[in-house]
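Enquirer: got a predicted model here, sequence first, then my questions.
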Amino acid sequence: MLTNSHHPDAATQVEMFRRMALLKANDERSRKVVTAGRLAIPYYSYRGQEVIPAAMSVNLTDQDYLCTIYRGIHDVIAKGTPLKAVWAEIAGRVNGTCKGKGGPMHLTYPSKGVMVTTGIVGSSMPIANGLAWAAQLSGDGRVAVATFGDGASNIGAFHESLNLASVWKLPVIFLCSNNRWGEHTAYGKTTPVARISDRAAAYGMAGIHVDGNDPLAMYAAAREAVERARAGEGPTLIEAMTFRFHGHVFGDADRYMDKAEKAKWVAADPYPAFRARLIAEGLASEETLAGFEADAEAQLDEAVEYALGAEFPGLEELSTDVFGEAA
Ligand SMILES: Cc1ncc(C[n+]2csc(CCOP(=O)(O)OP(=O)(O)O)c2C)c(N)n1
């Protein structure tokens, strides 16, 4: 349950939209580039879920940590990772964030706090705990955010991480995007509780259930959790309700998804809804918002060509950056 009513000012709302415009354009471009056969990668579309990273990221600094998952390129970009470096990394090129050796499953960019992207369901949480513990010990005021899906809340690491974080009052936020599907299995077939946020009570921590497609509600939830963490009051579990507009992995024909339910969510697409509201309330002009969209496309034109025109890492890179130096 939300305990505050933080309301983002006009500039923050417009900035959230700017980030959403970039995320939506990036998702559309990714599907286009993969469909055209220009890039052969597993791609996990986040289309429909853009509000959550936009609202969380405007409440974080570059020093705050993010641990995300395969369906997390939106988290990585919202946190500020340069698009060119993201595209070069997913294309496996030397100018990528990890010299092309991480790929789409392992995007990292520590200078913006993007510490890990992982394909192991649930594994973002214990890693975020470790970073939050480091922040707590050093007293540097950083917050760690672990993002994951509803399916991950049934993994052992979720329960162990919530327990430890609560006992140690770690400055960590467990941000679950409940898009109602885990691969091809509907939420109710794997999860016996109506709300994942109810699980917070079992670990004595704050739990927030929020409409993750409502920018104002999502902002308030993120802000409350960040303030709690920075104040040394411990972790928060946020369950943000949303829906993925596409199949689990790109190319999955999503025939298992109920057509009427999907149509209902797509009709309520948060992107055009937020766009229309900003204009109707006089918070931004059509021209400004169209400018963000055009800028996103231009940035993507540049990033895609930058990435696809670059070299792959050489064989001599195979064993470099694999082990750290002993202290
Ligand atoms: C430990 C582990 N078990 C199983 C898998 C296979 N797997 C990949 S994605 C996925 C579904 C996860 O669903 P959810 O956590 O709801 O995230 P979403 O894809 O909906 O964002 C599964 C089971 C995995 N990658 N890791």
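Expert: In hand now; what should we look at? Residues are numbered from 1 along each chain as shown.
Enquirer: pretty sure Ala222 is in contact with Ala54, am I right?
Expert: No: between Ala222 and Ala54 there is no contact under Cβ atoms under 8 Å: 9.6 Å. C-betas here are computed from N, CA, C, even on glycine.
Enquirer: give me the number of residues near the residue of the stretch 51-200 of the chain found nearest the ligand?
Expert: Closest to the ligand within the stretch 51-200 of the chain is Gly149: 2.1 Å, counting by Cβ to the nearest ligand atom. Close neighbours of Gly149, defined as other Cβ atoms under 10 Å, add up to 26.
Enquirer: can you pull the contacts of it?
Expert: Ile69, Arg71, Val121, Cys176, Ser177, Asn178, Asn179, Gly182 (Cβ atoms under 8 Å, 6 or more residues apart in numbering).
Enquirer: right, is stretch 61-81 up against the ligand?
Expert: Yes: applying Cβ under 6 Å from any ligand atom, one finds that stretch 61-81 is in contact with the ligand at Arg71.
Enquirer: quote the end-to-end distance of that stretch.
Expert: Start-to-end span of stretch 61-81 (Cα to Cα, to the nearest Å) is 12 Å.
Enquirer: which one of the contacts of Gly149 is nearest Leu107?
Expert: Nearest to Leu107 out of the contacts of Gly149 is Ile69 (Cβ to Cβ; 10.4 Å).
Enquirer: list the contacts of that closest one.
Expert: Neighbours of Ile69 in contact, by Cβ under 8 Å, 6+ apart: Thr117, Thr118, Gly119, Val121, Ser124, Thr147, Phe148, Gly149, Ala152.
Enquirer: may I see the ChimeraX selection of the buried members of the residues you listed?
Expert: Here is the ChimeraX selection string for the buried members of the contacts of Ile69, based on 16 or more other Cβ atoms under 10 Å:
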select :117,118,121,124,147,148,149,152
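Enquirer: next step: the contacts of Ile69 restricted to strands.
Expert: Thr117, Thr118, Thr147, Phe148, Gly149 (DSSP state E).
Enquirer: within range of the ligand, give me the residues from the chain.
Expert: 71, 119-121, 148-152, 179, 181-183, 248.
Enquirer: enumerate the positions of stretch 279-293 that are buried.
Expert: For stretch 279-293, a neighbour-count test (16+ other Cβ under 10 Å) marks Leu283, Ala284, Leu289, Phe292, Glu293 as buried.
Enquirer: good, we can wrap up now.
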